[in-house]
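Undergrad: Just a sequence and a predicted model for now, questions to come.
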Amino acid sequence: SAVISQKPSRDICQRGTSLTIQCQVDSQVTMMFWYRQQPGQSLTLIATANQGSEATYESGFVIDKFPISRPNLTFSTLTVSNMSPEDSSIYLCSVALPAGPIGEQYFGPGTRLTVT
Amino acid sequence: AQKITQTQPGMFVQEKEAVTLDCTYDTSDPSYGLFWYKQPSSGEMIFLIYQGSYDQQNATEGRYSLNFQKARKSANLVISASQLGDSAMYFCAMREGVGAGGSYIPTFGRGTSLIVHP
């Protein structure tokens, strides 16, 4: 299994500002995933972050709005830039162990973001 | 087309009874994994149970079991002896191989809200 921590756990931010969310894993993992969960909705994948390469973004998400860093195999950050109230969501990071389709997937506790 | 379908937006069950939450999936990849997660009101995603496409036996974890019917492409979650603390959203998810160099992107269903009555 994997133990994942996220910081901050929650935040209230003003529109137009940016917030960086940190994700720390207790073991080395190849792939990390960032999800957004808007109120009352399911999880939507924002991007896949591999160490040493650019993140791969899903349709509807762009690097300028959600820049991601992956400096090593245990850490990643997601920045929500130039925030608007529509960005109010829970943001979750996730890892797959082992990498590939056959393997369990674990989530961090989430960051609950409210944009006013 | 939806890759993961959860047709029950809400379910109710009496405490101590069993409940089945439905999940069907769509994939042409022979290699995939199926997951169930519980999300209480706190927002965290709690991993419950996992089934690999090549697993011969249905997965079980304590009071949770996964009724895996590969030919029907269904992966229903069965919760036995429901407890009040089981009240939460439940999500079915799948990760599939997408070929050489694929990213194994996971996808989630819309979720089922389970309420356990005393």
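TA: All right, it came through fine.
Undergrad: Write out the residues of chain A neighbouring chain B.
TA: By CB under 8 Å from any CB of the partner chain, the residues of chain A that approach chain B are A:1, A:31, A:33, A:37, A:41-43, A:45, A:48, A:56, A:58, A:90, A:92, A:94, A:96, A:99-110, A:112. All C-beta spots, glycine's among them, are computed from the backbone N, C-alpha and C.
Undergrad: Which of those residues fall in strands?
TA: Members of those lying in strands (criterion: DSSP state E): A:31, A:33, A:37, A:45, A:48, A:56, A:90, A:92, A:94, A:96, A:104-107, A:112.
Undergrad: And B:Tyr38, which helix or strand is it part of?
TA: Small correction: residue B:38 is Lys, not Tyr. strand B:32-39 (DSSP states H and E).
Undergrad: Tell me if the helix-or-strand element of chain B with minimal mean pLDDT is near chain A.
TA: In chain B, no helix or strand scores lower on mean pLDDT, DSSP states H and E than strand B:106-108, which sits at a mean of 84. Yes - using CB under 8 Å from any CB, strand B:106-108 comes into contact with chain A via B:Pro106, B:Thr107, B:Phe108.
Undergrad: isn't the second one right up against A:Leu45?
TA: Think B:Thr107. Yes - when contacts are counted by CB atoms under 8 Å, B:Thr107 is listed as touching A:Leu45 (7.4 Å).
Undergrad: Of the ones in strands among the residues of chain A next to chain B, which is the nearest to chain B?
TA: Of all these, chain B sits closest to A:Phe107, with 3.8 Å by CB to the nearest CB.
Undergrad: neighbours around that closest one, how many?
TA: For A:Phe107, the neighbour count with other CB atoms under 10 Å in any protein chain shown is 22.
Undergrad: Relative to B:Phe47, how far out is it?
TA: To B:Phe47, A:Phe107 is 7 Å away according to CB to CB, to the nearest Å.
Undergrad: How about A:Thr114?
TA: 26 Å.
Undergrad: Mind checking which of those two has more residues around it?
TA: Taking neighbours as other CB under 10 Å, A:Thr114 and B:Phe47 compare with B:Phe47 leading, 18 against 13.
Undergrad: between the residues of strand B:106-108 next to chain A, which is nearest B:Ala93?
TA: B:Phe108 (4.6 Å; CB to CB).
Undergrad: contacting residues for the closest one?
TA: Taking CB atoms under 8 Å, 6 or more residues apart in numbering or on different chains, we find B:Phe108 in contact with A:Ser42, A:Leu43, B:Ile4, B:Phe91, B:Cys92, B:Ala93.
Undergrad: Only the buried subset of those residues, as a ChimeraX command please.
TA: In ChimeraX, a selection of the buried entries from the contacts of B:Phe108 looks like this (16 or more other CB atoms under 10 Å in any protein chain shown):
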select /A:42,43 /B:4,91,92,93
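Undergrad: TSV for the contacts of B:Phe108, including distance to A:Pro85?
TA: Below are those laid out as TSV (distance: CB to CB, whole Å):
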residue	distance to A:Pro85
A:Ser42	20
A:Leu43	20
B:Ile4	29
B:Phe91	25
B:Cys92	30
B:Ala93	28
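Undergrad: Name every strand pairing with the least confident helix or strand of chain B and say which way it goes.
TA: strand B:88-96 (antiparallel) (DSSP bridges).
Undergrad: Run through who's touching the strand it pairs with.
TA: So strand B:88-96 is contacted by A:42-43, A:96, A:101, A:103, A:105, B:3-4, B:6, B:21, B:23, B:25, B:27, B:29, B:31-41, B:45, B:48, B:75, B:77, B:104-109, B:111-114 (CB under 8 Å, 6+ apart).
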